[in-house]
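Trainee: With the input below, show me the fold.
(chains A and B)
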Protein chains: 2
Amino acid sequence: MNAEIIAVGSELLLGQIVNTNAKFLSTSLAEMGVNVFHHTVVGDNPQRLKKTIEIAEKRADLIIFTGGLGPTKDDLTKETIANHLGKKLVTDQDALTSIEAYFHKVNRQMTENNKKQALVLEGATVLPNEFGMAPGMFIQNQNHFYMLLPGPPFEMEPMFSKYGRRAILKKMDKREHIESRVMRFFGIGEAQLETEIESIIVGQSNPTVAPYASDGECTLRITAKHESSAEALKMIEEMEKSIKERVGEFCYGYDETTLMAETVKTLKNAGLTIATAESLTAGMFAAEMASISGVSAILKGGVVCYSNEAKEKLVKVKKETLDKYGAVSKECAAELAENIRVILDSDIGISFTGVAGPDSLEGKEAGTIWIGISVKHHPVKTFLLSLASNRNSNRLRTVKYGCHYLMREIGLNSGN
Amino acid sequence: MNAEIIAVGSELLLGQIVNTNAKFLSTSLAEMGVNVFHHTVVGDNPQRLKKTIEIAEKRADLIIFTGGLGPTKDDLTKETIANHLGKKLVTDQDALTSIEAYFHKVNRQMTENNKKQALVLEGATVLPNEFGMAPGMFIQNQNHFYMLLPGPPFEMEPMFSKYGRRAILKKMDKREHIESRVMRFFGIGEAQLETEIESIIVGQSNPTVAPYASDGECTLRITAKHESSAEALKMIEEMEKSIKERVGEFCYGYDETTLMAETVKTLKNAGLTIATAESLTAGMFAAEMASISGVSAILKGGVVCYSNEAKEKLVKVKKETLDKYGAVSKECAAELAENIRVILDSDIGISFTGVAGPDSLEGKEAGTIWIGISVKHHPVKTFLLSLASNRNSNRLRTVKYGCHYLMREIGLNSGN
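Mentor: Modelled structure (predicted):
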């Protein structure tokens, strides 16, 4: 099956927003085994949209539209498609009920044009919108399939993942289920990861294993096809097991998660509190931790010890340590981690000190970074990083290494 | 003039990257007065690219290509266009020289396929690539214009802004210069901003004033056209002056800048040091400040006082204050700002305490936030925010308000 993705919206042509929907759908479709040969963006103009559909019909079996399903006069996608296919628009009672319920909930008057959002193409499978009002649609006409999805990514993405994907797979090959899982890695480079698992994945066509790298992390997407969904999942599990035998120590999580989310989970599960002393990262580690709701149970607080004065005054780092070894040193990192843990009476203290760049500091090159981790009742440990990126990438990377070493030290990821 | 933007690259169709080039070019073209009616993405496939060009020629005068100019076999854009237009590819000596110089500089052997990058369409205007090897091209053929740009945004964007834009404007209307300036606002909503300046901009066609809002900030882009560039700039300045008379107090900067960059600049110019006490934002303010190189001259450090224990131990907030007024209070914000300034002996202390959400705290609703600012020799001031967004957007917005009030207090933005 070949697909074309058509985004409808003048705001895209004016450069006001980026077409992230095309990326999301392309990734999903690639995983499902659907070829995407074209993306097109067209404005809120029925004549140009109609011509765009005619062109797409010549080169694709499946045409997916995003945008133009809203209540205003600008929103013309389903009207144009109905006209093009010679179909009527009919009110979908479920959609109308949920639109009415929405207005009731926010205690606002529902205007007449909102009813327009409940209109669907006659004969279409309706895709429920769990995060907005306009429902999606999927319809076959002669030898083409048409899927209409809303424009806002937070409505479109869950709709496609939950309903759209399944509707397409059903038409593709009824005998086959496709399952996939993403393994997330940190602390190993993409090239090394590929090398380590090469002999497992070479020549593999089912399941497939696709590596991807960004922001210092790597992922492997394992995709398996089978008549039985359970069997496909079993194939994924077996492949995952083989991969873990080789590089399991670097795998920190699955599917949609982040290193920090896993770190917070690890701390919460272990019932451990934490305090931070951040020089290089200047609060970035704590701020990212606090982006997760409910973190006050584990994060006691910390210090942004950007200057040596702050290191001495707020974290009681000895003047001799700073004079003898400098702020960017194993010794300073150790004292920071140990002292902040004691000062805030937490179970764990973590520290970051180093040279963000672009300039060197204390005779140490940009990218020289020490992380200290102090766990109550255990000797403090330090970790040296030598990063080679720019200032802000070095700082972001350092926060990730902090999560990585912290999870290791807590030892709750042992056995993974 | 009507344009179509064609991105060439299978990585876009696989969903590995987002087509940010189309957004960038669309914004620029809109500003130049060029209509963009379609974006298309096509893979590294000469047959499909050729068909895509034929379709574009039926609906656009100017076709802009991004991507496919590199040295590998996948890169086929210029070859396909040359073939389609019946033009030869010839070596551009300047491009070849700069490619050779690049390899000399990085001390690597230049392989034969790199010479391919110096090939250009015969008769094309060559657009120099100051951030990479593949040059861009602009060529007219019958009644169409074709512009070829490299795919990586850090090569494409400066090439277009410096050379591509000018080449197109030259063909559009030789008598006219277009100049523009972006004014940046914080602390005023988009709707209010539009209302305040409505009578100035209504019916205005030269200069035009285009508002845009995102992430709690608003911008106004003023664009003026005139035979003389100096005259166009003068028109912009006059318009800017009228706007400032009404809403100048909210304008914090021009063109590419951020609230934090302006705050750091303000502090540096005034020779003032700062210390932070962050509960709600948990280090985000300091971390963002430290993302700017050279900030160690002004940022002494601070405290992430996420728990009440940290507020007492690290910032000496009185227990009575916390018991009587709570952590989310004017009194707590004032003590935090004042105390951290004294503890770290800085000129300014800033504090953030509040309810990020989703849950309420101490009987205060999510979004209730206090900012404290203590300037040496001045009484401490506090500011109450009532934000209505989600947890992380509330925290980000709070950091922006911190910058906003800080710049006001320093008083260096007076007269703006």
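
Trainee: Could you tell me how many residues sit around the residue of chain A at minimum distance from chain B?
Mentor: Nearest residue of chain A to chain B, counting by CB to the nearest CB: A:G283, 2.3 Å away. (Each C-beta comes from the backbone N, C-alpha and C, glycine too.) Other residues near A:G283 number 32, with proximity taken as other CB atoms under 10 Å in any protein chain shown.

Trainee: Which residues are in contact with the closest residue to it other than its chain neighbours?
Mentor: Of all residues not flanking A:G283 in the chain, B:G283 sits nearest, at 2.3 Å (CB to CB, 6 or more residues apart in numbering or on different chains). B:G283 makes contacts with A:276, A:278, A:282-287, A:290, A:302, A:304, B:302, B:304, as judged by CB atoms under 8 Å, 6 or more residues apart in numbering or on different chains.

Trainee: Nearest to A:E331 among the residues you listed?
Mentor: Using CB to CB, A:E278 is the member of the contacts of B:G283 that lies nearest A:E331, at 17.2 Å.

Trainee: Local confidence estimate at the closest one?
Mentor: Here the pLDDT value assigned to A:E278 is 98.

Trainee: tell me, what residue is most central in chain A?
Mentor: In chain A, the residue lying closest to the centroid (CA atoms, centre = their mean) is A:E256, at 5.5 Å.

Trainee: got the phi/psi numbers for it?
Mentor: Recorded main-chain torsions at A:E256 are phi -80, psi 100, according to degrees, to the nearest 10.

Trainee: quick one: what helix or strand has the nearest residue to A:T40 once chain neighbours are set aside in it?
Mentor: Excluding its sequence neighbours, the residue lying closest to A:T40 (CB to CB, 6+ apart) is A:I6, at 4.9 Å. For A:I6, the host element (DSSP states H and E) is strand A:2-8.

Trainee: Any idea how far stretch A:351-361 is from the middle of the chain?
Mentor: Computed by CA atoms, centre = their mean, to the nearest Å, the chain-centroid distance of stretch A:351-361 equals 29 Å.

Trainee: buried stuff in that stretch?
Mentor: A:351-357, A:361 (16 or more other CB atoms under 10 Å in any protein chain shown).

Trainee: Which of these lies at the shortest distance from B:P158?
Mentor: Among the buried residues of stretch A:351-361, and counting by CB to CB, the member closest to B:P158 is A:G357, at 22.7 Å.

Trainee: Quick one: residues contacting the closest residue to that closest one other than its chain neighbours.
Mentor: Leaving aside its sequence neighbours, A:G357 sits nearest to A:A366 (CB to CB, 6+ apart; 3.0 Å). By CB under 8 Å, 6+ apart, the contact set of A:A366 is A:355-360, A:391, A:394.

Trainee: Count residues in the vicinity of the nearest residue to A:M260 once chain neighbours are set aside, would you?
Mentor: In space, and not counting its chain neighbours, A:M260 is closest to A:E288: 5.1 Å by CB to CB, 6+ apart. Residues lying near A:E288 (other CB under 10 Å) number 26.

Trainee: so A:E288 touches A:T398, yeah?
Mentor: No. A:E288 lies out of contact with A:T398 (CB atoms under 8 Å); the separation is 11.3 Å.

Trainee: what residues does the stretch 251-400 of chain A put near chain B?
Mentor: Residues of the stretch 251-400 of chain A lying near chain B by CB under 8 Å from any CB of the partner chain: A:275-276, A:278, A:281-287, A:289-291, A:293, A:295-296, A:299-307, A:309-311, A:313-314, A:343-345, A:356-358, A:391-392, A:395.

Trainee: sorry, back to before: ok, the next helix or strand after the strand holding A:I6 near chain B or not?
Mentor: Once strand A:2-8 ends, the next helix or strand along the chain (criterion: DSSP H and E) is helix A:10-13. Yes. Helix A:10-13 is in contact with chain B by CB under 8 Å from any CB, via A:12-13.

Trainee: which outside residues touch helix A:10-13?
Mentor: Contact with helix A:10-13 is made by A:17-19, A:41-45, A:74, B:22-23, B:26, B:36-39, as judged by CB under 8 Å, 6+ apart.

Trainee: can we see that at 7 Å?
Mentor: In this structure, residues lying in contact with helix A:10-13 by CB atoms under 7 Å, 6 or more residues apart in numbering or on different chains are A:17, A:19, A:41, A:43-44, B:26, B:36-37, B:39.

Trainee: check contacts around A:L49.
Mentor: With contact set as CB under 7 Å, 6+ apart, A:L49 has these partners: A:8, A:42, A:76, A:80.

Trainee: Which members of those additionally contact chain B?
Mentor: Applying CB under 7 Å from any CB of the partner chain, the subset of these adjacent to chain B comprises A:V42.
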